[in-house]
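K.L.:
got a predicted structure here, sequence first:
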Amino acid sequence: MASFWTGQRIRLRGIEPDDWTSFMRFAMHEERLGDLLHPPRSAENFRIWAKEQSTAKSEGDCFGLAIEAIETGEVVGAVGSHQADPRAGWFEYGVTMGAEHRRKGYAAESVVMLLRFMFAERRYHKCEARIFAHNEASLALHRRLGFVEEGRLRDHVFFAGRHHDLVVMGMVADEFAQLHSMSEL
């Protein structure tokens, strides 16, 4: 049996210290795409962060994973759960892809793997994603995966000199099971 964490095009794995250059590149891509603007970070800062991530214990069901392309072994993005309330049965997640790796199916495959784990193995009932309203590609991806728009937080985030809307999308486990297999087999 293949690993639960290995799909057709990607493998999800822990973040390794040597992954720092990929994450530094992802941060630069996000800035160019008009996402949140942060002060510049040094290469050493990214090295330290990746080293810390490689040895960090996950906090409950909150964790981050590197997305690795099987064909090349290159880190192409990251996915993880950022908020999780096991008592209420919901979690929030995020995904980011390097600019040169977008529209290749890597994000969709990694999100399905993460959702399968959280719904089938960890028994969560609902997943939420928060997406900048101007990020049409991410909104389209989430709709294709079966997420539905649950609300719009108007002028919720400030960056690039103005306020922007944040779209809240959600999916429950039964909706996921209707569209995607609950097991990797």
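P.N.:
Cool, the structure landed. Numbering: from 1, shown residues only.
K.L.:
so, low pLDDT: which residues of this structure?
P.N.:
1, 31-37, 184-185 (pLDDT under 70).
K.L.:
which secondary structure element contains residue 131?
P.N.:
strand 126-132 (DSSP states H and E).
K.L.:
list the strands paired with that strand, with their directions.
P.N.:
Partners of strand 126-132 in the sheet, by DSSP bridges, are strand 90-97 (parallel), strand 162-172 (antiparallel).
K.L.:
need the contact partners of it.
P.N.:
Under the criterion C-beta atoms under 8 Å, 6 or more residues apart in numbering, residues 35, 83, 89-94, 115, 118-119, 138-139, 142, 147, 150, 157, 164-173, 176 lie in contact with strand 126-132. Bear in mind the C-beta positions are built from the backbone N, C-alpha and C, glycine included.
K.L.:
just the buried residues of these.
P.N.:
Neighbour-count burial within these applies to 35, 90-94, 115, 118-119, 138-139, 142, 147, 157, 164, 166-173, 176; the criterion is 16 or more other C-beta atoms under 10 Å.
K.L.:
tell me the bridge partners for the most centrally placed residue in the chain.
P.N.:
Centroid-nearest residue in the chain, with C-alpha atoms, centre = their mean: residue 95, separated by 1.9 Å. Note on residue 95: beta-bridge partners by DSSP bridges are residue 79.
K.L.:
quick one: contacts for it?
P.N.:
Here residue 95 is in contact with 67, 77, 78, 79, 107, 110, 111, 114 (criterion: C-beta under 8 Å, 6+ apart).
K.L.:
got it, and residue 133?
P.N.:
Residue 133 touches 139, 152, 164, 165, 166, 167, counting by C-beta under 8 Å, 6+ apart.
K.L.:
relative to residue 75, how far out is it?
P.N.:
Counting by C-beta to C-beta, to the nearest Å, the gap from residue 133 to residue 75 is 28 Å.
K.L.:
run a quick neighbour tally on the closest residue in space to residue 183 that isn't next to it in sequence.
P.N.:
Distance criterion C-beta to C-beta, 6 or more residues apart in numbering; nearest residue to residue 183, sequence neighbours excluded, is residue 120 at 6.7 Å. Look at residue 120: counted by other C-beta atoms under 10 Å, it has 17 neighbours.
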